[in-house]
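*Asks:* starting from these lines, generate the structure:
(one chain, ligands or ions: 1)
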Amino acid sequence: MTSAGSLLQLVRRGEATTRRDLIRVTGLSRSTVTQRVDMLLAAGLLRESAGESEGRGRPSGTLGFDEDHGHILVALLHIGRAELAVLDLGGRVLRRSSYPITIGDGPERVLGEVEERLGELVREVGVDPAETIALGVGVPGPVDVSVGRVMQPPVMPGWHDYPVRDRLEAHLGRPVFVENDANLMALGEQRTRWPDAPSMLLVTVGTGIGAGIVIDGTLYRGVDGGAGDIGHIRMHGREERCACGAAGCLAAVASGRALLRALSELGKDVSVVADVRDLVQHGDPDAVGAVRTAGQLVGEVLTTVVSVLNPEVLVVAGELADTDGHFVSGLREVIYQRSLPRATRNLQVVTSDLGSAAAIAGVAELVVDEVFAPAVVDERLAAAGV
Ligand SMILES: [Zn+2]
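*Replies:* Here you go, the predicted structure:
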């Protein structure tokens, strides 16, 4: 792991910020490091600030990943809304927009509009479309990342096995990465807030329920991209109809959608998940009780997950996380009561304050990891004859 691409990764991850660090971390000779760093500088991948002179020899500057030499496009698809963004390579948002969609309209219509609006957004930012590095797409369903397709998604009718990646790549002429939305949030949260946690679990509870797992800084997707898909686990003794067509799923009893249904049956005036949150914040006892019970039900399923994974951090995200602590305290109570002490001794249960910024940060991390992976960079340098 001492190629030019590997040196770039060390700088990108903050493990080395000077030539001297690179020599120390890799054990390479000064002349080899100089040659590889110069190669990365020439390719515009690294930049070096003027450093202070340290006595004899050349001053040692600070090395950094050049975050301005391209941009990343983001398209996050939710059940009823799409968010688009243009980022620099450091994940900073240059511009974003959001508009309503119906995911059930199917891929042709939804992706057609994404293509059109992404083009508009790029024009508005005024960046050169030729400098688009890649597009990252988040979807509320399981993804086979090897082919960039959504597989048997419970709440995305018409999307099963549709070539999302191939279609968008053909349109953009750039690499496209399709990923489950909870996975993106988990990756963004881990890299931004918990970079040292060896095992992190994120559960997101909004209209639906999803979870993402990051182990040793890497997403754990499972064999078929189904890891963390906890929303449609069947709950013993429950018969409520679920949006996926089955009955008694966790999402049918504990998601924002389930709470909307339960509270409107009680005569409450609620139509979106934010209304449930408002009721809780105004101290409505039915809403507080329902949200707390939902937290307990999610906690029941997470008790098993926590025992299998023994994570250091459990992040609770999504609209229901932000309900004056009622959802999270229900969830926490059940997890701590029902788990063995060893599974929870070092567990922190926290809420996310990143919101949709977590998924956007996740796209930046995912895309940069893929496009600037050591082997990919080395290949590109070789092809360029540097
Ligand atoms: Zn279901």
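*Asks:* show me what counts as buried in stretch 337-355.
*Replies:* Applying a neighbour-count criterion of 16 or more other Cβ atoms under 10 Å, one finds Arg338, Ser339, Ala343, Thr344, Leu347, Val349, Ser352, Leu354 buried in stretch 337-355. C-betas here are computed from N, CA, C, even on glycine.
*Asks:* I figured the fifth one hits Glu312, correct?
*Replies:* Yes: here Leu347 lies in contact with Glu312, judged by Cβ atoms under 8 Å, at a distance of 6.9 Å.
*Asks:* enumerate the residues of the stretch 101-250 of the chain near the ion.
*Replies:* The stretch 101-250 of the chain comes close to the ion at residues His232, Cys242, Cys244, Ala246, Cys249, as judged by Cβ under 5 Å from the ion.
*Asks:* and this structure, what are its domain boundaries?
*Replies:* Per automatic domain parsing, the structural domains of the chain span 4-66, 71-184+358-370, 193-355.
*Asks:* columns distance to Leu381 on top of those, output as JSON lines?
*Replies:* Formatted as JSON lines, the domains of the chain follow (distance: least, Cβ to Cβ, whole Å):
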{"stretch": "domain 4-66", "distance to Leu381": "6"}
{"stretch": "domain 71-184+358-370", "distance to Leu381": "16"}
{"stretch": "domain 193-355", "distance to Leu381": "24"}
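*Asks:* quick one: closest of those to Ala383.
*Replies:* domain 4-66 (11.0 Å; Cβ to Cβ).
*Asks:* got the contact list for the lowest-mean-pLDDT helix or strand in the chain?
*Replies:* Every helix and strand of the chain was ranked by mean pLDDT, DSSP states H and E. The lowest is helix 341-344, at a mean of 88. For helix 341-344, contacts defined as Cβ atoms under 8 Å, 6 or more residues apart in numbering pick out Val306, Ser307, Asn310, Ile335, Tyr336.
*Asks:* for the residue in the stretch 251-386 of the chain that the ion sits nearest to, phi and psi?
*Replies:* Taking Cβ to the ion, the ion has its nearest neighbour within the stretch 251-386 of the chain at Ala251, 5.1 Å off. Phi and psi for Ala251, reported as degrees, to the nearest 10, are phi -70, psi -30.
*Asks:* you'd agree it is up against Cys242?
*Replies:* Yes: the criterion here is Cβ under 8 Å, and Ala251 meets it with Cys242 at 5.7 Å.
*Asks:* tell me the contacts of Tyr220?
*Replies:* Counted by Cβ under 8 Å, 6+ apart, Tyr220 has contacts Ile213, Val214, Ala227, Gly228.
*Asks:* for the third one, what are its contacts?
*Replies:* What that stands for is Ala227. Counted by Cβ under 8 Å, 6+ apart, Ala227 has contacts Ile213, Tyr220, Arg221.
*Asks:* what separation is there between it and the ion?
*Replies:* Taking Cβ to the ion, to the nearest Å as the measure, Ala227 falls 17 Å from the ion.
*Asks:* in this protein, which residue is closest to the centre?
*Replies:* For the chain, the residue nearest the mean C-alpha position is Leu184 (1.4 Å; Cα atoms, centre = their mean).
*Asks:* what's the per-residue pLDDT of it here?
*Replies:* Here, the pLDDT recorded for Leu184 equals 97.
*Asks:* quick check: beta-bridge partners of Leu87?
*Replies:* Ile72, Val93 (DSSP bridges).
*Asks:* ranges for the strands of the stretch 201-350 of the chain?
*Replies:* 209-215, 218-219, 313-317, 348-351 (DSSP state E, counting those that start in this stretch).
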